[in-house]
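In: only geometry, no sequence info:
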C-alpha cells in the first residue's frame, strides 16, 4: 500500500497532513509577499576592543546600527500576480471570435507510395 493509497483510505490522516502543511504554507506566502514588496532591516555591527593587551574579556565597545533596504523583487511580483490574479496576469489569453468565418478548406492528400 502506497502513501497516497493510505491517505485515500484514511481521510482523517490526510486531513491531519493538510493541517500540518498550512502553517508553513502561510509562512512561505508571507515571505514571498515581503520579497515582492521589498523591506527594510537593520544590521548591527559590534566591535570588541579589549581595554588593554592582557584583557581576555573584551566587551563590545562600538556598536553600529545600519539600516538596509531590500528592493522589491519583480520575479516575486510576477509570480504572485499570475497566481493570485490569473484573470489579469496569466500568460495565456482567451480570445473569443464573434462573427462569421467564411474560409474554404480543401483537403490535400499526398500519395507517398513509391512509383512503380
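Out: Nice, I can see it. Note that this is a predicted model, so its numbers are computed, not measured.
In: how deep is the closest residue to residue 40 other than its chain neighbours tucked in, by neighbour count?
Out: With sequence-adjacent residues excluded and distances taken as CB to CB, 6 or more residues apart in numbering, residue 40 is closest to residue 69, at 5.2 Å. Any C-beta I mention is one placed from the backbone N, CA and C, and that applies to glycine too. When neighbours are defined as other CB atoms under 10 Å, residue 69 has 9 of them.
In: Secondary structure element holding residue 69?
Out: Element membership for residue 69 (DSSP states H and E) is strand 60-70.
In: What lies in contact with that strand?
Out: The contact list for strand 60-70 (CB atoms under 8 Å, 6 or more residues apart in numbering) reads 35, 38-49.
In: any idea which of those residues is the one closest to residue 59?
Out: Taking CB to CB as the measure, residue 48 is the one of the contacts of strand 60-70 closest to residue 59, at 6.9 Å.
In: Return the distance of that closest one relative to residue 66.
Out: When distance is defined by CB to CB, to the nearest Å, residue 48 is 18 Å away from residue 66.
In: before we move on, what about residue 49?
Out: 19 Å.
In: ok and the longest helix seen in the chain relative to strand 60-70, angle-wise?
Out: When every helix of the chain is counted residue by residue (DSSP state H), the longest turns out to be helix 11-37. When axes from the mean of the first three to the mean of the last three CA atoms, to 10 degrees is applied, the directions of helix 11-37 and strand 60-70 differ by 90 degrees.
In: Other residues contacting the following helix or strand past helix 11-37?
Out: In the C-terminal direction, the helix or strand that comes right after helix 11-37 (DSSP H and E) is strand 39-48. By CB under 8 Å, 6+ apart, the residues outside strand 39-48 that reach it are 58-70.
In: Output the below-cut-off pLDDT ranges for this structure.
Out: Scanning the chain with the threshold set as pLDDT under 70 gives 114-116.
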